[in-house]
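Enquirer: here are the coordinates; sequence isn't available:
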């Protein structure tokens, strides 16, 4: 996966978790919590979706890396970088 | 021969969920959606736990706990159930207080509360804002030094009327008192204050029907009349359960039974560390409730437009008085026809907090007499608001802590699970025994419809994590064999 594909994968997850929010307005460095009104349950859902879709386990101590879009991409890219997108 | 309620059940499941409260059902649905094999075992003939209802002759449908939850429930329905269910959530706009200290009508949200605190109670705006900001910032992992009494004393010293205004509804919602940790108050109060009080259009029966349909479509094996009386543990790991005398294998169990029952009776203390067993002994149960259900005759109506009424004749808010059998405070839920559109029916449910001990040891005749008295005194109190209640209602029934115990199997009929220390014990279970999880009302904040459902999700995340690692190991072992 490229960084852009990782970003898209995160957007796909957010679309499912927050269907009423305007996902495309998200800026890379702003807090996700404030931009699309995510609460702690939503972050738990992101963790569950990452496990389901990519078999990635995000330990609780790493939750802070899910705070902004760019920190998400930077955290997940090394974990997803060698994955091929399902064709 | 008795019917086999486990007919066609498999010998083995990924997870067995014990009990179908909103926590158990939300977990069942989510774990099935995540691809696991789920058996949901409920001892009663209905699903729902405390989220339940009953029907009586004359077309009466009476709800136990439908009124009311915070707006967060919309999101919870949407994410873990369905959009259709989320769309059924409607607001209850007329919340009333009537007691010797004050009579007010409110939408029960921050804007309206701020207005009332300022103009009716004469509190300075800065104090109100700071109070709201303080309770909003409370987290369940905060230190629990401060009690709710301390919190009120700090912001509203000596203002017992304000304490009552802030506390009475939360006591109704989750059984908490002034002596419980302030953070348990703050979290629940803030949830309600965000937008007000909401309910489910269609009633509890429609809600549970939808949940059942949803779970079935996701592949949950739902079994009612199925009592789990044993969780098998071997070498520190969950191996299975015994249901109606039959053994079923599983690597994870998620108990939606009371947390102390799960440890002391279903698993057995011998399977836990001695320190943990001691800790469990110190978990206090929450109190129970009495309810009086009043069904209004077909064609009759009630001329009272309140949805929820916190009514009291006690001089001031007092935990002992609230629990006393000599009832002075009642919460009336008015179920207007808009709750179940099309039916044009009304019902009223009166709820009071109560102690199991006051009801458990009566002779049968004394118990029945006490129930009659409960109904009569409730009608007397209600006549102030609905003067012709004895004329327009034609069905009356009472439930006591003993009733709640019979239907939910909760120790002492607790209707709000355990006090705050139960949360830590509940969270610690998987560290004591691999594969053992609990979800349910613990520590007040994981209580009520929203708390119960969300706690189910939090624990399901951990069950999913373990199941995936168990499955990965199994497939590695299979491929290397």
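Expert: Nice, I can see it. Since the model is a prediction, treat every value here as computed from it, not as a measurement.

Enquirer: Kindly report the residues of chain A close to chain B.
Expert: Proximity of chain A to chain B, by CB under 8 Å from any CB of the partner chain, involves residues A:17, A:19, A:39, A:41, A:44-45, A:47-48, A:51-52, A:55, A:57. All C-beta atoms are positioned from the backbone trio N, CA, C, and that covers glycine.

Enquirer: Recalculate using a threshold of 7 Å.
Expert: Residues of chain A lying close to chain B (CB under 7 Å from any CB of the partner chain) are A:17, A:41, A:44-45, A:47-48, A:51-52, A:57.

Enquirer: Tell me the gap between the lowest-mean-pLDDT helix or strand in chain A and the middle of its chain.
Expert: Counting by mean pLDDT, DSSP states H and E, chain A has its least confident helix or strand at helix A:32-35, which shows a mean of 86. Chain-centre distance of helix A:32-35: 12 Å, with CA atoms, centre = their mean, to the nearest Å.

Enquirer: That helix: what's the following helix or strand?
Expert: Using DSSP states H and E, the helix or strand that follows helix A:32-35 towards the C-terminus is helix A:40-54.

Enquirer: Quick check: what element follows that following helix along the chain?
Expert: Moving toward the C-terminus from helix A:40-54, the next helix or strand (DSSP H and E) is helix A:69-80.

Enquirer: Report the buried residues of stretch B:369-384.
Expert: Neighbour-count burial for stretch B:369-384, with 16 or more other CB atoms under 10 Å in any protein chain shown as criterion, is recorded at B:370-371, B:374-375, B:378-379, B:381-382.

Enquirer: Make TSV from those residues and add secondary structure and pLDDT to it.
Expert: As requested, the buried residues of stretch B:369-384 are arranged in TSV below (DSSP: H, G, I helix; E, B strand; the rest coil; pLDDT from 0 to 100):
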residue	secondary structure	pLDDT
B:370	helix	95
B:371	helix	96
B:374	helix	96
B:375	helix	97
B:378	helix	96
B:379	helix	97
B:381	helix	96
B:382	helix	97
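
Enquirer: center of chain A - which residue?
Expert: For chain A, residue A:10 is the residue whose C-alpha lies nearest the centre (CA atoms, centre = their mean; 3.6 Å).

Enquirer: pLDDT at the nearest residue to it once chain neighbours are set aside, what is it?
Expert: Spatial nearest neighbour of residue A:10, chain neighbours left out: residue A:72 (5.3 Å); criterion: CB to CB, 6 or more residues apart in numbering or on different chains. Residue A:72 carries a pLDDT value of 95.

Enquirer: Report how many residues lie close to residue A:72.
Expert: For residue A:72, the number of neighbouring residues by other CB atoms under 10 Å in any protein chain shown comes to 22.

Enquirer: mind listing what it touches?
Expert: Counting by CB atoms under 7 Å, 6 or more residues apart in numbering or on different chains, residue A:72 makes contact with A:10, A:65-66.

Enquirer: thinking again about what came up before, among the buried residues of stretch B:369-384, which one sits closest to residue B:28?
Expert: Distance to residue B:28, by CB to CB, is smallest for residue B:371 among the buried residues of stretch B:369-384, at 34.6 Å.

Enquirer: gap between stretch B:52-64 and the chain center?
Expert: Centroid separation between stretch B:52-64 and its chain, computed with CA atoms, centre = their mean, is 19 Å.

Enquirer: buried ones in it?
Expert: Within stretch B:52-64, the residues that qualify as buried are B:52-54, B:60-64, counting by 16+ other CB under 10 Å.

Enquirer: Helices along the stretch 101-250 of chain B, start to end?
Expert: Assigned by DSSP state H, counting those that start in this stretch, the helices in the stretch 101-250 of chain B fall at B:110-119, B:125-136, B:148-155, B:160-174, B:182-195, B:203-217.

Enquirer: returning to that earlier point: filter the buried residues of stretch B:52-64 down to just the ones in strands.
Expert: B:53-54, B:60-63 (DSSP state E).

Enquirer: Residue B:440 and residue B:416 touch, don't they?
Expert: No - taking CB atoms under 7 Å as the definition, residue B:440 is not a contact partner of residue B:416, at 10.5 Å.

Enquirer: These two: who's more crowded?
Expert: Taking residue B:440 and residue B:416 together and counting by other CB under 10 Å, residue B:440 has the greater number of neighbours (31 against 24).

Enquirer: Checking my notes, the more buried one in a helix, right?
Expert: No - with DSSP: H, G, I helix; E, B strand; the rest coil as the criterion, residue B:440 is located in coil rather than a helix.

Enquirer: Please tell me how far it sits from residue B:47.
Expert: Remark: distance between residue B:440 and residue B:47 (CB to CB, to the nearest Å) = 15 Å.

Enquirer: got a markdown table for the buried residues of stretch B:369-384, with distance to residue B:198 too?
Expert: Below are those laid out as a markdown table (distance: CB to CB, whole Å):
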| residue | distance to residue B:198 |
| --- | --- |
| B:370 | 34 |
| B:371 | 31 |
| B:374 | 29 |
| B:375 | 29 |
| B:378 | 26 |
| B:379 | 28 |
| B:381 | 26 |
| B:382 | 24 |
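
Enquirer: of all the residues in chain B, which ones are close to chain A?
Expert: B:34, B:79, B:454, B:457-458, B:461, B:464-465, B:468.

Enquirer: looking at the residues you listed, which has the most residues close by?
Expert: residue B:454 (27 neighbours).

Enquirer: ok, residue B:371 touching residue B:396?
Expert: No - Residue B:371 is not in contact with residue B:396 according to CB under 7 Å; the separation is 9.9 Å.

Enquirer: in the chain, which segments are predicted with low confidence?
Expert: By default, I'm working from chain A. Chain A contains residues with pLDDT under 70 at A:85-87.

Enquirer: wrong chain, I was asking about chain B
Expert: B:1, B:140-143, B:444-446, B:481.

Enquirer: Could you report the distance from residue B:237 to residue B:467?
Expert: To residue B:467, residue B:237 is 13 Å away according to CB to CB.

Enquirer: who's more crowded, the two?
Expert: Neighbours were counted for residue B:237 and for residue B:467 using other CB under 10 Å; residue B:467 has more, 21 against 14.

Enquirer: In three-state terms, label that one for me.
Expert: Following three-state DSSP, we place residue B:467 in the helix state.

Enquirer: what's stretch B:326-346 in contact with?
Expert: So stretch B:326-346 is contacted by B:59, B:61, B:63, B:67, B:172, B:199, B:201-203, B:296, B:301-302, B:304, B:306-314, B:321-322, B:347-352, B:377-378, B:381-382 (CB under 7 Å, 6+ apart).

Enquirer: Go ahead and name everything in contact with stretch B:240-250.
Expert: Stretch B:240-250 is contacted by residues B:5-6, B:9, B:11-16, B:39, B:41, B:226-232, B:238-239, B:253 when judged by CB under 7 Å, 6+ apart.

Enquirer: What's the PyMOL line that selects buried ones from the residues of chain A next to chain B?
Expert: To isolate the buried members of the residues of chain A next to chain B in PyMOL, using 16+ other CB under 10 Å:
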select buried, chain A and resi 17+41+44+45+47+48+51
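
Enquirer: Closest one of the residues of chain A next to chain B to residue B:100?
Expert: Within those, the smallest distance to residue B:100 is 40.5 Å, found for residue A:41 (CB to CB).

Enquirer: circling back: nearest to chain B, of the contacts of residue A:72?
Expert: Nearest to chain B out of those is residue A:66 (CB to the nearest CB; 14.0 Å).

Enquirer: count of neighbours near the closest one?
Expert: 21.

Enquirer: which residues touch residue 55?
Expert: Just so you know, I chose chain A. Counting by CB under 7 Å, 6+ apart, residue A:55 has no contacts.

Enquirer: my question was about chain B
Expert: Going by CB under 7 Å, 6+ apart, residue B:55 touches residue B:61.

Enquirer: Test of understanding: give the bridge partners of it.
Expert: residue B:61 (DSSP bridges).

Enquirer: and it, how far is that from chain A?
Expert: Using CB to the nearest CB, to the nearest Å, residue B:55 is found at 34 Å from chain A.
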